[in-house]
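Peer 1: Need coordinates for the below:
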Amino acid sequence: MVMFLFLVVALAVVVGAVTLAVVGGGENSPLPEAAPERLRDPLPPDRPVDRADIESLRFPLAARGYRMADVDDALSRLGAELAERDARIADLESALAGARSSSAHGPVSAGENHVSMDKPEREDRP
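Peer 2: Model (predicted):
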């Protein structure tokens, strides 16, 4: 009987200590609210995005996966950069086609430098 009473008192002391530690431990307020994890935008604002930027992109987890706003922002940024690159490629290809057609129609004088814009042949690597 004495042992049972000792166990009940010990259990009450442990429960009381845990309750004090959780509810009023250390400071005069309960545990602070955890700030939600936000995306620290690792995409560089001062230069175009490259492959390493995309590979290092990690989204913070939310209750049901990822925060849709963070993913949407990153995807819209990537879409805008891809559209800009596609437009630049189209401009360069049309300028190249114009340069080829003008060089095909007229002879190149001896004083002009002719620069080839063709891609070099790819070498087979072992």
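
Peer 1: from here on, contacts and neighbour counts on C-alpha atoms
Peer 2: Will do.

Peer 1: where in this protein is pLDDT low?
Peer 2: Within the chain, the stretches with pLDDT under 70 are 24-41, 105-126.

Peer 1: for the longest helix anywhere in it, which positions count as buried?
Peer 2: Longest helix in the chain, counting residues (DSSP state H): helix 68-105. Of the residues in helix 68-105, those buried by neighbour count under the rule 16 or more other CA atoms under 10 Å are 74, 78.

Peer 1: quick thing: my sequence starts at 34, can you match it?
Peer 2: Sure thing, new numbering starts at 34, so read that last one as helix 101-138.

Peer 1: Can you name every helix or strand that it contacts?
Peer 2: Using 3 or more CA pairs under 8 Å, 6 or more residues apart in numbering; DSSP states H and E as the contact test, no helix or strand touches helix 101-138.

Peer 1: helix or strand right after the strand or helix carrying residue 42?
Peer 2: For residue 42, the host element (DSSP states H and E) is helix 35-57. Going down the chain from helix 35-57, the next helix or strand is helix 84-89, by DSSP H and E.

Peer 1: what's in contact with that next one?
Peer 2: Here helix 84-89 makes contact (CA atoms under 8 Å, 6 or more residues apart in numbering) with 75, 76, 77.

Peer 1: Mark which of the residues you listed are buried, thanks.
Peer 2: Buried residues within the contacts of helix 84-89, defined by neighbour count using 16+ other CA under 10 Å: residue 76.

Peer 1: Looking at the contacts of helix 84-89, which is nearest residue 44?
Peer 2: Distance ranking of the contacts of helix 84-89 against residue 44, using CA to CA, places residue 75 first at 50.9 Å.

Peer 1: Pull the contacting residues for that closest one.
Peer 2: Residue 75 touches 86, 90, counting by CA under 8 Å, 6+ apart.

Peer 1: re earlier: ok, the contacts of helix 84-89 vs residue 106, which is closest?
Peer 2: The closest of those, once distances to residue 106 are taken by CA to CA, is residue 76, at 10.6 Å.

Peer 1: Next, that closest one: phi, psi?
Peer 2: Dihedral pair for residue 76: phi -70, psi 130, per degrees, to the nearest 10.
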